[in-house]
Structures are given as C-alpha cells and as structure tokens.
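Trainee: sharing a model prediction with you, sequence too.
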Amino acid sequence: MLGERIRKLRKQKKMTLETLAGTELTKGMLSLIENNKANPSMESLSYIAGQLDVELSDLLEEISTQELAELLEEAEIIYNTQTEKDEDKYKKLVELIEPHVNHFSQGYQVARLLELYSYSLAYQKNPEWQDVSDKAAQMFDQLNITANRTAIGLFRAKRKFNDHEYTKALDIFLTERKSIESNHPYIDPITRLDLDYHEAILYFAVGDSESATNVMENALQFSKEKRIFYLIDDLYRLAACQGMMTKDENKREYYTKKLQQYGEFADHIHSIMFCKVLDFMALISEKREYKKALEEIDHLFTKQMEAYEPWLYLGKGRVYYYLGRYEEALQFLNKVVVPPLHHPFDLSIFFVLDSYKALSYLELGDRKKALRFAETAVKNFEPLVETPFKAFSLKTYAKIKNEL
C-alpha cells in the first residue's frame, strides 16, 4: 500500500520521520500517512516524492521502479547462475515473480520479468505460459527491443525441437522470424546471426539441406563482412557436420580446418576437441584406418576429456568391431551414455550405437540379442532425416534378418 511504500523508501534512504517531513509536513501527519491512516493530497505526495528523490509515479504505482529493479536483479541471478538441471530453478522464479504479476504495468523491467516468468511456467508445463509469453513479446515489440523478442521466438521453436517435432519447430520459427522482421525495421548483427544459425539448424533437421546450406553460408559471409565472431564456431561445426552427413569429404575437411583455426585463435578447447572427434570419425567411416583411429582416440583419453567420453567410447567400440575384436567392442559400446542431444545429426551419431552392438552380438553367435539391438536402432532412426548412419542401421537390420 501507499504508506508502506513510503516507509520502505524512507528506511532504504536512511531518513528519519523528521527528515522526510521537512518543513511542509509534521512528523505526526507523516506517521499517519505511513500507517495508511491518512490520505495525502497530491501536493503532499509530490513533496514526499521530492524529499525521497523518486518519481511521483513510484509512489502511486503498486510496485516502484526501484522495487522492479531489485526484483529483476534477483530473478536474473537465479536464471543465469543456476543450471537447467537444478529442479528448483524455475520453481524459485515462479515463486519470486508470480505475487507481483498483477501489479505490473509497462517498461523493459516488466517485459523481462514476464519473459522469465513465461519460461518458468513452460518448464513446469503450465499452459498459461503462452499468454504470458505473448504479453512479453508484445511489450518488446513496442519497446523495439529486438534481442529479447528474438529470444522469445527461439524459445517457442526450441520447445518443439526438443520434443523432436522438427517440422512444427521450423514452422514456428519461420512465423516468429517473419513477425520479428516486420515489427523491427533494424535487426542488429548479433540477433541476425542468432536467427540465421537456428534457421539453418532447423532446415537441416527436416532434411532441407539446400535451404539450410544457403542460410548457413549467407550467415558465414555476413559474419566475415561485419567482422563478427559470434556463433562462428557453431556455424563451422554445423558446416563440417553437414559435409560428413552428405559424404562431402572436401567440405568436411575445409570447415574442420576452419574450426581448428578458430579454436586455436580463441583458445577454445571445445572447438579443438570437436575437430579431433570429427577426425577420428572420418578415419573410421571414410578412410577405414582403424589402427590410426584407435591411436587418436587413446591419445584423447589421456587428456581426460570427460565431457567427450561418450564419443570416445563409441568410437573405440566401432574400431574394435572393425578389427574383429567383438567382445572388446561391446565392452566399450556398453559404456556409452548418450548425452541429452536433440538435433538429428547428433542423434544419428549415437543411435548407430545399437547397430554396432547388434553386429558384434551377431559375430559372437547371439542372434537373439543381435536382432533386438538392430530393431532398436531402426526404430530410433525412424523419425529422423536420411543420413549415412540411418542407412547403415537399415543395412545392418537387413543383414541380420537375412542371417536369421
């Protein structure tokens, strides 16, 4: 209430009743106002606001600008410092923001709080998240704040993408991008690269390689023209993966080299490591240099790159299969814990795991397990676009059925 807001602001500014009352009010009258036992005139309110060095609107609003700033600061700390795995993250955000929602008016702080609130409701599977998201998006459109408006659009598309509903995700993204571009005449370079990168990802996800390649290459060219390195490593990684999936060895090698150069320039260990992963995968799938691949993988294991263990175990299991060491192949294939991935390219790399298990069991004479794992691989690949890994799983399944 009004009196409580005045008292809170007075105490925050370490002012006594006498100091705030000054020459225009009595201490007794101010005490009555703070206790909501007297209604001040607009003239008195203007005087109190001047004494407190705040806008009159801060007293009249149910939540002041300062209170909004404090609320947003606390919300940003929770949102940016706690990981997605922290189950209490979104619960804390809802508990923090929800009591104030009905008192919100306008402005960036309100729009950002509603944005974070909508994300939290969506995570909790509360259907009201869409209405809150629409309100936040409309505010950002009115304020002409493109980056936050784009973040909301990407979030909406990613929800379907993470559910592996790739066509729906692309449709939502294209609708959102059209709306953003129509409401925001100027889109800053960073935001444009964000849009281009995610558009390329989604086109690849639905199997439209031509559109994806055009968007991706335009983004790379734009990045060079503007001398911006934002997302350049992700774009190089995407281009290298596309070269691998289309069996375009020259393209894969070119963009892997570009990614390596970027990693060395930026001292970015994950870019360098990803190049190593692509290199040993090429040694297995393209060059069939299994012993060399094994040496590369063992060398990477010595660096204790725990985050890449699933790729290394899978690579080692595939190598041992091709070397005819089937029990050792299964030993490493069974160690693979598939990371939480969503893009068909990433999923394809790991879904082939069951095909290699099937082939290893077949060689060891366990046809029942061989068929079960071959069927699992085919089932996992079913909703995904065509890749060499998907073709391999179908070929494996056909081979095992023929054996049986």
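Mentor: That came in fine, so what should we check first?
Trainee: low-confidence ranges, the stretch 101-250 of the chain, go.
Mentor: Filtered on pLDDT under 70, the stretch 101-250 of the chain yields no residues whatsoever.
Trainee: meant to ask about the stretch 301-404 of the chain
Mentor: Going by pLDDT under 70, which is the cut-off in play, the stretch 301-404 of the chain has low-confidence ranges at 303-304.
Trainee: and the helices in it?
Mentor: In chain order, the stretch 301-404 of the chain shows helices spanning 309-322, 326-333, 344-351, 353-363, 367-381, 388-403, with DSSP state H, counting those that start in this stretch as the criterion.
Trainee: in the stretch 51-200 of the chain, which spans are helices?
Mentor: Along the stretch 51-200 of the chain, the stretches classed as helices by DSSP H, counting those that start in this stretch are 56-60, 65-81, 89-97, 108-123, 129-143, 146-162, 166-183, 189-205.
Trainee: export the helices of the stretch 301-404 of the chain to a markdown table and tack on mean neighbour count?
Mentor: Any C-beta I mention is one placed from the backbone N, CA and C, and that applies to glycine too. What follows is the helices of the stretch 301-404 of the chain, written out as a markdown table (neighbours: other C-beta atoms under 10 Å):
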| stretch | mean neighbour count |
| --- | --- |
| helix 309-322 | 22 |
| helix 326-333 | 18 |
| helix 344-351 | 21 |
| helix 353-363 | 24 |
| helix 367-381 | 19 |
| helix 388-403 | 17 |
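Trainee: including distance to residue 233, could the ones you listed go into a markdown table?
Mentor: Formatted as a markdown table, the entries for these read as follows, by distance: least, C-beta to C-beta, whole Å:
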| stretch | distance to residue 233 |
| --- | --- |
| helix 309-322 | 17 |
| helix 326-333 | 29 |
| helix 344-351 | 16 |
| helix 353-363 | 26 |
| helix 367-381 | 28 |
| helix 388-403 | 23 |
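Trainee: now do the contacts for residue 251.
Mentor: With contacts taken as C-beta atoms under 8 Å, 6 or more residues apart in numbering, residue 251 has the following neighbours: 239, 240, 242, 243.
Trainee: with respect to residue 83, which of those residues is nearest?
Mentor: residue 240 (27.7 Å; C-beta to C-beta).
Trainee: tell me which element the closest one is part of?
Mentor: For residue 240, the enclosing helix or strand under DSSP states H and E is helix 232-245.
Trainee: what does that helix contact?
Mentor: Contacts with helix 232-245, where a contact means C-beta under 8 Å, 6+ apart, come from 197, 200-201, 204, 209, 212-213, 216-217, 219-220, 223, 248-256, 258-259, 262-263, 266, 268, 271, 274, 278, 281-282, 285, 345, 348, 387-388.
Trainee: quick check: angle from it to helix 388-403?
Mentor: Inter-element angle recorded for helix 232-245 and helix 388-403: 30 degrees (by axes from the mean of the first three to the mean of the last three C-alpha atoms, to 10 degrees).
Trainee: tilt between helix 232-245 and helix 189-205?
Mentor: Using the same axes, to 10 degrees, one finds that helix 232-245 and helix 189-205 are set 20 degrees apart in direction.
Trainee: quick check: what element follows helix 232-245 along the chain?
Mentor: helix 249-266.
Trainee: list the buried residues of the following helix or strand past that next one.
Mentor: Under the assignment DSSP H and E, the closest C-terminal helix or strand after helix 249-266 is helix 269-285. Of the residues in helix 269-285, those buried under the neighbour-count criterion (16 or more other C-beta atoms under 10 Å) are 271, 273-285.
Trainee: so helix 269-285 versus helix 232-245, what angle?
Mentor: Relative orientation of helix 269-285 and helix 232-245, computed by the same axes, to 10 degrees: 10 degrees.
Trainee: the helices of the stretch 301-404 of the chain: which one's closest to residue 164?
Mentor: For residue 164, the closest of the helices of the stretch 301-404 of the chain is helix 344-351, at 8.1 Å, according to C-beta to C-beta.
Trainee: how far off centre is that closest one?
Mentor: Using C-alpha atoms, centre = their mean, to the nearest Å, the distance from the centre of helix 344-351 to the centre of the chain it belongs to is 18 Å.
Trainee: what's the answer for stretch 165-178, then?
Mentor: 16 Å.
Trainee: in it, what counts as buried?
Mentor: Of the residues in stretch 165-178, those with enough neighbours to count as buried (16+ other C-beta under 10 Å) are 166, 169, 170, 172, 173, 176, 177.
Trainee: and if you look at stretch 108-115?
Mentor: 109, 110, 111, 112, 113, 114, 115.
Trainee: what does it rub up against?
Mentor: 65, 68-69, 71-72, 75, 97, 100-101, 104, 132-133, 135-136, 139-140, 143, 145, 148, 151-152.
Trainee: stretch 136-152 now?
Mentor: Among residues not part of stretch 136-152, those counted as contacts by C-beta under 8 Å, 6+ apart are 106-108, 110-112, 114-115, 117-118, 133, 153, 176, 180, 183-184, 186-188, 190-191, 194-195.
Trainee: check stretch 26-35 too.
Mentor: Counting by C-beta under 8 Å, 6+ apart, stretch 26-35 makes contact with 2-4, 6-7, 10, 17-18, 20-21, 38-40, 44, 48, all of which sit outside it.
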